[in-house]
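1. got a predicted structure here, sequence first:
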Amino acid sequence: MKNILFFTILLLISLFSYQTTTYASTNSREAYEKTGRVIWEVNTNEKLVALTFDDGPHPVFTPQILEILAKYDAKATFFVAGNKVIRFPDILKQEVKEGHEIANHTYHHIYNNITSAKLSSEIKETDKIIHRITGFTPSLYRPVGGHYNDLIINTAIKNGKEVVLWNQDTRDWSDPPVSQMRNYITKGVKPGSIILFHDWHGSEYSQTCQTVKALDNILDFLYKNGYKCITVSEMLYRSSQKIPDFFKIYPKKKDKTSHIDLML
């Protein structure tokens with residue numbers, strides 16, 4: 001009898017865990033956007049776009065990306081993985097020094113079957129590492145692979161994060177030709193677009209990266225068409241004309257001039 005009770009309890013626990021990780025309910029984009037805490041794009045009349053890069057830093061490709069961004073005086077938001085940051089801290093420091101924004105993309109880059117407790121741990125651990133290296137705690141978070149549901153979004157919000165997705169995808173993760181990546185953006189970009197790139201894709205030890213090859217081409221198009229590339233937080237600020245409390249990446253009046261003042 002005790003054995004039957006024991007296995008029944010185990011079965012119920014496993015079923016509950018499965019439901020809360022795999023089958024957490026998912027609302028529509030419109031429902032999430034109404035919360036003001038989940039962002040696919042920004043409503044603005046200015047010709048502004050936000051370039052975002054996931055999964056870095058990468059020891060070879062991220063410095064090349066930074067060089068191209070500097071060529072066009074473009075600023076970007078880097079959604080970094082904690083397990084990469086801890087290996088390549090100097091690249092993270094370079095990103096901050098050159099005026100780019102750092103955001104949270106979990107520690108281990110886990111795709112599926114994640115519990116709220118595990119996701120909280122992933123976010124907090126990455127925050128700690130970023131803060132230790134830069135002195136800032138990121139306010140923005142992007143779910144791995146863009147996968148989201150109530151569990152992921154509510155957990156992120158409980159951890160003080162704004163959830164940032166995208167409305168323009170270069171699809172660099174699929175290793176398409178440069179011309180195809182350019183077409184994805186040129187056909188759909190508009191003021192307020194958030195554009196998805198990756199610091200790297202495929203093997204971490206790859207020697208070439210389509211993102212690097214396409215980035216110069218895409219930036220050339222954007223600037224010839226009057227677009228300015230800024231961070232996600234700056235675009236949110238300029239569209240609302242106020243600094244929301246969740247912009248924790250910026251120092252809290254420690255200096256006469258804050259990072260947001262310097263940025264704008």
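-> Happy to help now that I have it.
2. now do the helices in the stretch 1-150 of the chain.
-> For the stretch 1-150 of the chain, the helices defined by DSSP state H, counting those that start in this stretch occupy 2-22, 29-34, 61-71, 82-85, 89-97, 116-134, 150-158.
3. the fourth one - contacts with which helices or strands?
-> This points to helix 82-85. When contacts are defined as 3 or more Cβ pairs under 8 Å, 6 or more residues apart in numbering; DSSP states H and E, helix 82-85 packs onto helix 116-134. (C-beta placed from N, C-alpha, C; glycine too.)
4. and the helix it packs on, what's buried?
-> Neighbour-count burial for helix 116-134, with 16 or more other Cβ atoms under 10 Å as criterion, is recorded at 116, 119, 122-123, 125-127, 129-130, 133-134.
5. same check, this time on stretch 204-218
-> 209-212, 214-218.
6. residue 142 against residue 102, yeah?
-> No. Contact criterion Cβ atoms under 8 Å: residue 142 and residue 102 do not qualify, at 11.8 Å.
7. now for residue 168, how many residues are close by?
-> 21 (other Cβ atoms under 10 Å).
8. swap that for residue 178, sorry
-> By other Cβ under 10 Å, the residues close to residue 178 number 17.
9. same check on the one 4 residues further on?
-> Residues contacting residue 182 under the criterion other Cβ under 10 Å number 18.
10. secondary structure element for residue 238?
-> Using DSSP states H and E, residue 238 maps to helix 232-240.
11. hmm, back to that, now render the helices of the stretch 1-150 of the chain as JSON lines, adding mean pLDDT.
-> Formatted as JSON lines, the helices of the stretch 1-150 of the chain follow (pLDDT from 0 to 100):
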{"stretch": "helix 2-22", "mean pLDDT": "43"}
{"stretch": "helix 29-34", "mean pLDDT": "91"}
{"stretch": "helix 61-71", "mean pLDDT": "97"}
{"stretch": "helix 82-85", "mean pLDDT": "96"}
{"stretch": "helix 89-97", "mean pLDDT": "98"}
{"stretch": "helix 116-134", "mean pLDDT": "97"}
{"stretch": "helix 150-158", "mean pLDDT": "96"}
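12. out of those helices, nearest to residue 173?
-> Nearest of the helices of the stretch 1-150 of the chain to residue 173, taken as Cβ to Cβ: helix 61-71 at 13.2 Å.
13. list the contacts for residue 120?
-> Going by Cβ atoms under 8 Å, 6 or more residues apart in numbering, residue 120 touches 155, 158-159.
14. 7 Å instead?
-> 155, 159 (Cβ atoms under 7 Å, 6 or more residues apart in numbering).
15. before we move on, what about the one 3 residues further on?
-> Remark: with contacts taken as Cβ under 7 Å, 6+ apart, residue 123 is in contact with 104, 106, 141, 156, 159, 161.
16. if I look at the fifth one, how far off is residue 183?
-> When distances are taken as Cβ to Cβ, to the nearest Å, residue 159 and residue 183 turn out to be 37 Å apart.
17. could you do the first one as well?
-> Summarising the geometry, the distance separating residue 104 from residue 183, computed by Cβ to Cβ, is 31 Å.
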